[in-house]
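J.: How does the following fold in three dimensions:
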Amino acid sequence: MKIRKYICYGLLALTLLLTGCGSGSRMKDGFYTAEMSDFSHGWKEYLCIMVKDDTIVYAEFNAKDPSGYIKAWDNAYMQNMASVQGTYPNEYTRSYVSQLIEGQTPDAVDTVSGATSSGSNFLKLSEAVIAQAVKGDSSTSIVETAE
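T.: Next up is the predicted model:
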């Protein structure tokens, strides 16, 4: 009886080893993008990641206005936000991206004080692009903007 139990455990371990133990949820190599469904205060946030060997190796988080101008390039916006909120887009976007790359999961990202709305959107966008990467779907995912 004991031998049969050990054989069953051995076969189970071998099966898990050969199937990759959850390899169905691996991210596929490529670029994946998600963006918010609507503009907020004149900006629409987006996140693009690059996956290589099941690892996020590059990410860009930013926002664009209707003409496509990037929020982090807007010096007047930066100066105004920095004086009021204590942070600005070029700073907090880099923080969110580095935390995602380092932790490889949205759960590893802490929101930046003064940029909590963007932080909340970043978490939603991160979940969306990771889901796209698992499916291998490179179409842009649209994330509903909270009302």
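
J.: going forward, measure contacts between C-alpha atoms and count neighbours the same way
T.: Fine.

J.: Output the contacting helices and strands for the longest helix seen in the chain.
T.: Ranked by number of residues, the top helix in the chain under DSSP state H is helix 116-135. Applying 3 or more C-alpha pairs under 8 Å, 6 or more residues apart in numbering; DSSP states H and E, we find helix 116-135 packed against strand 30-36, strand 44-52, strand 141-143.

J.: roughly how far apart are Asp54 and Gly86?
T.: As defined by C-alpha to C-alpha, to the nearest Å, Asp54 lies at a distance of 35 Å from Gly86.

J.: more crowded one of these two?
T.: Neighbour comparison, Asp54 and Gly86: the larger count goes to Asp54, with 17 against 13 (by other C-alpha atoms under 10 Å).

J.: surely the more buried one meets Phe31?
T.: No - between Asp54 and Phe31 there is no contact under C-alpha atoms under 8 Å: 12.0 Å.
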